[in-house]
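[1] Using only what follows, build the 3D model:
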Amino acid sequence: MREDWQPVLMLVYIFVFMFFAKIIKEKLGIFKSIVIPTALLAGFLGLIFGPELLGSLSVNLFDQEIRLGLQYDNDFYESILFYFMIIGFVSLTLTERHSKQNRQSIDSGLFIVSTYILQGLLGVFVLYIVATTIKPDIFIGLGLLLPLAFGQGPGLASSIGGKWDETLAIGYAQQFGITLATVGFIVGGIIGVLLLNYYIRKYKLKVVRLRDLKGIKTKSIDFETINEVNFSDNFLVQVVWLSLIFLLTYLVSLLFYQTMLPLGEIGKTLGGLVLGFSYLFGVFIALGLRGFLRKLETRGHRTKPLIDDYMMHNISSFALNVMITASVMSIKISSIKEYWEILLLVTVVGALGTLIYVTLFGRYVFNENPNHYVITLFGMLTGVAATGLALLRGIDPELETDTADNVVVLGSAIAAPIGIPMMILLSFPVIAYTIPHKGYYNYFMIAGLIGYLTLLIGFLVWRRKYYSKKSNQ
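    Model prediction:
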């Protein structure tokens, strides 16, 4: 048997568990009543039947030791998680957006980033308490993984955590981030459903059972000539674009890292951290490509067939689902034992803080369809965009309001540049931890987060009052 079968089989396991997860969700009603993505359920199945649980048990049958589960390499799934995150975000960026920016979308972007910062402060607060009481050697910056895990999902939390492990040699940051993101899915799915049911009763909203929801979009394709039947060629073109952007992402990341090395320890630290954001280089390159093709189109060139929005959207969905499943399968139970109490504290404080902030301040900021915005934002800021959309469909089954576009599509896009200052602050606790006499960088980080949060909240309050006054005139 060829030795290179093993990585192929480990990739196949992802889709096998997705298959069984889909069957379980279709046949067991409880999984239709809570918002648990199929990819997440598949990941849990993989974890249960993997080397950390059933795979560690065996029985003797006819003098042969037979494992009750599968044997796979968790590190392989960490790599799958990182690279499929890049594919998912790049293909999503290449998808043309037809929604137009408006007041609610800008407010959504500002609100999303303000929640990230609040989550970061809550995480750092918990880690500071832990460091001053039971674990003085703990890395305080670990608390900043809360907004990355809850707000961005396992991809970014794993990527940044992995770079912290390399730079700080602590060995648990990546697993902490992945596990925290997985818990975030559960928080968004279960608490989100409880919040949805509470709003339905309190505000007498139309009841739509989640288990009765079906798909809302279909695509009909009509061919007029045989020349239009070029699905394979068209798909190949999309893969070529993604491959070229992938290559450019690698080259730009490598160039940036090499440029930072002459700056010494700080440069090495910053360079390693930025490598965790490699997907952003891919996103910017994809934006440049999209803009270039759009410019060519305005000059009369036929560029529309080059990027197929429908295919790119499906590639993105496929890649992000693989990322979610791989993230759970990469969890190492043995590592969780070392920090389970910290994980529990960060999860509880983060979930409660997010719930209170989104439900109270969210209802103030979004005076039109506040229930829709609060439900969607909570699901998205603890799980992923799909979690928020699934919860939204509980009160807006056909997505007739503009909430989905304003929050998930436009709001997320607007939040990206607004969140750059927070990304810069991620390097401060690393500098404080690795370089002697630089502990004051932790205070700079906390002051920066508090200052930026105050600025964003103040701006949101001003915009709320300004537009309320304007509408009354």
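[2] buried residues in the one helix or strand Leu460 maps to?
    Following DSSP states H and E, one finds Leu460 within helix 440-472. Buried residues in helix 440-472, counted by 16 or more other Cβ atoms under 10 Å: Tyr441, Asn442, Met445, Ile446, Gly448, Leu449, Tyr452, Leu453, Leu456, Ile457, Leu460. Just so you know, the C-beta spots here come from the backbone N, C-alpha and C atoms, and that holds for glycine as well.
[3] and the first one, what does it touch?
    Contact criterion Cβ atoms under 8 Å, 6 or more residues apart in numbering gives Phe428, Pro429, Ile431, Ala432 as the residues in contact with Tyr441.
[4] a markdown table please, covering those and showing pLDDT, secondary structure and neighbour count.
    Listed next are those as a markdown table, based on pLDDT from 0 to 100; DSSP: H, G, I helix; E, B strand; the rest coil; neighbours: other Cβ atoms under 10 Å:
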| residue | pLDDT | secondary structure | neighbour count |
| --- | --- | --- | --- |
| Phe428 | 89 | helix | 23 |
| Pro429 | 90 | helix | 25 |
| Ile431 | 86 | helix | 22 |
| Ala432 | 88 | helix | 20 |
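[5] Identify the farthest-apart pair in those residues.
    Pro429 and Ile431 (7.3 Å; Cβ to Cβ).
[6] residue ranges with poor pLDDT in this protein?
    Within the chain, the stretches with pLDDT under 70 are 1, 29-35, 97-101, 207-232, 265-266, 269, 303-305, 473.
[7] which residues in it form strands?
    In the chain, the segments counted as strands under DSSP state E are 58-61, 64-67.
[8] Output the last one as CSV, restricted to C-alpha atoms.
    As requested, C-alpha coordinates have been extracted for strand 64-67 and formatted as CSV (Å, rounded to 0.1, in the frame of the first residue of the first chain):
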residue,chain,number,x,y,z
GLN,A,64,-5.7,-8.8,16.9
GLU,A,65,-5.8,-5.4,18.4
ILE,A,66,-8.6,-3.4,16.7
ARG,A,67,-9.0,0.4,17.3
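[9] which strands and helices sit next to it?
    Under the contact criterion of 3 or more Cβ pairs under 8 Å, 6 or more residues apart in numbering; DSSP states H and E, strand 64-67 touches strand 58-61.
[10] In the strand it packs on, which residues are buried?
    For strand 58-61, a neighbour-count test (16+ other Cβ under 10 Å) marks nothing as buried.
[11] Pull up the pairing partners for that strand, direction included.
    strand 64-67 (antiparallel) (DSSP bridges).
[12] Could you tell me how far the strand it pairs with lies from the centre of the chain?
    Strand 64-67 has its C-alpha centroid displaced from the chain centroid by 39 Å (Cα atoms, centre = their mean, to the nearest Å).
[13] residues in contact with it?
    If you take Cβ under 8 Å, 6+ apart as the criterion, strand 64-67 is touched by Leu54, Gly55, Leu57, Ser58, Val59, Asn60.
[14] what do you get if the cut-off is 10 Å, keeping everything else the same?
    By Cβ atoms under 10 Å, 6 or more residues apart in numbering, the residues outside strand 64-67 that reach it are Phe49, Pro51, Leu54, Gly55, Ser56, Leu57, Ser58, Val59, Asn60.
[15] which ones are touching the last one?
    For Asn60, the contacting residues are Ile66, taking Cβ under 10 Å, 6+ apart as the criterion.
[16] Please name whichever of the strands of the chain is nearest to His437.
    Across these, His437 has its closest neighbour in strand 64-67 (51.4 Å, Cβ to Cβ).
[17] related to what we said a few turns ago, could you dump the strands of the chain into TSV with distance to Ala351 added?
    Below are those laid out as TSV (distance: least, Cβ to Cβ, whole Å):
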stretch	distance to Ala351
strand 58-61	38
strand 64-67	36
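[18] Looking at those strands, spot the one closest to Leu195.
    Short answer: strand 64-67, nearest of these by Cβ to Cβ, at 41.6 Å.
[19] List the buried residues for the closest one?
    Quick answer for strand 64-67: no buried residues (16+ other Cβ under 10 Å).
[20] ditto for stretch 119-139
    Buried residues in stretch 119-139 (16+ other Cβ under 10 Å): 119-127, 130-131, 138-139.
[21] for stretch 340-357, same thing?
    Buried residues in stretch 340-357 (16+ other Cβ under 10 Å): Ile342, Leu343, Leu345, Val346, Thr347, Val349, Gly350, Ala351, Gly353, Thr354, Leu355, Tyr357.
[22] could you dump it to PDB, C-alpha only?
    This file holds the C-alpha atoms of stretch 340-357, laid out as PDB (Å, rounded to 0.1, in the frame of the first residue of the first chain):
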ATOM      1  CA  TRP A 340     -10.000  24.100  30.600                       C
ATOM      2  CA  GLU A 341     -10.700  26.400  33.600                       C
ATOM      3  CA  ILE A 342      -9.400  29.400  31.600                       C
ATOM      4  CA  LEU A 343     -11.400  28.400  28.600                       C
ATOM      5  CA  LEU A 344     -14.500  28.100  30.800                       C
ATOM      6  CA  LEU A 345     -14.000  31.500  32.300                       C
ATOM      7  CA  VAL A 346     -13.300  33.300  29.000                       C
ATOM      8  CA  THR A 347     -16.300  31.600  27.400                       C
ATOM      9  CA  VAL A 348     -18.800  32.500  30.200                       C
ATOM     10  CA  VAL A 349     -17.600  36.100  30.500                       C
ATOM     11  CA  GLY A 350     -17.400  36.600  26.800                       C
ATOM     12  CA  ALA A 351     -20.800  35.100  26.100                       C
ATOM     13  CA  LEU A 352     -22.500  37.100  28.800                       C
ATOM     14  CA  GLY A 353     -20.700  40.300  27.800                       C
ATOM     15  CA  THR A 354     -21.600  39.900  24.200                       C
ATOM     16  CA  LEU A 355     -25.200  39.000  24.900                       C
ATOM     17  CA  ILE A 356     -25.700  42.100  27.200                       C
ATOM     18  CA  TYR A 357     -23.900  44.500  24.800                       C
END
